[in-house]
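Student: Build the 3D model from these lines:
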Amino acid sequence: MFSHILLPTDGSELSLRAVDTGIELAQRIGAKVYGFHVIAPFPTVAYLAELIQASQESYTREATERANRFLDEVKQRAQKAGVPCETGYEFDQRPYCAIIGAAEKQHCDLIVMASHGWRGFDRLLLGSETHKVLLNTAIPVLVCH
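Tutor: Numbering: from 1, shown residues only. Below is the predicted model:
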């Protein structure tokens, strides 16, 4: 049925429940998983170049450390279940595009993701990233709540 499952995570409790669901499914059907996190790029203003450079470096370091913590959690959960797991992250202003891109690059045939994450209230105003993924990919998506 499915052989490679993408597990996007933002570190929220709901996204980790979706990760667990994806890992359990992978374990039952003999699939592998790919944990994925999207980091929003550092916003810049052109006229404060030196200050921005230092801030951007700090932001990038902290954001990648946080991403690696989230992805290490996915790896640990997959390892505990005996499911092969690789992980990665990308910087992108539009998380849904990065998620779809990662699924395509990794040749995933299923995306398992939470109905919403840290930006739960924002989804009411802007539309959730999950909804945008559903609308913009032909890859099946299992939405967990």
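
Student: Tell me the bridge partners for C144.
Tutor: Counting by DSSP bridges, C144 is bridged to A114.

Student: which ones are touching the closest residue to G11 other than its chain neighbours?
Tutor: Among residues not flanking G11 along the chain, F70 sits closest, at 4.3 Å (Cβ to Cβ, 6 or more residues apart in numbering). Backbone N, C-alpha and C define where each C-beta goes, glycine included. Taking Cβ atoms under 8 Å, 6 or more residues apart in numbering as the criterion, F70 is in contact with T9, D10, G11, G35, H37.

Student: part of a strand, is F70?
Tutor: No. Counting by DSSP: H, G, I helix; E, B strand; the rest coil, F70 falls outside a strand, being helix.

Student: what separates it from T9, distance-wise?
Tutor: Using Cβ to Cβ, to the nearest Å, F70 is found at 5 Å from T9.

Student: Show the contacting residues for Q93.
Tutor: Counting by Cβ under 8 Å, 6+ apart, Q93 has contacts A40, P41.

Student: ok so, going back, got any residues that touch both of F70 and T9?
Tutor: G35, H37.

Student: gap between the residue nearest to G11 and P95?
Tutor: F70 sits at a distance of 13 Å from P95 (criterion: Cβ to Cβ).

Student: Quick check: beta-bridge partners of Y34?
Tutor: L6, E86.

Student: Next SSE downstream of the lowest-mean-pLDDT helix or strand in the chain?
Tutor: Every helix and strand in the chain was compared by mean pLDDT, DSSP states H and E; the lowest is helix 122-126, with a mean of 45. Using DSSP states H and E, the next helix or strand after helix 122-126 towards the C-terminus is helix 129-136.

Student: what stretches of the protein score poorly on pLDDT?
Tutor: For the chain, applying pLDDT under 70 flags the ranges 44-54, 117-127.
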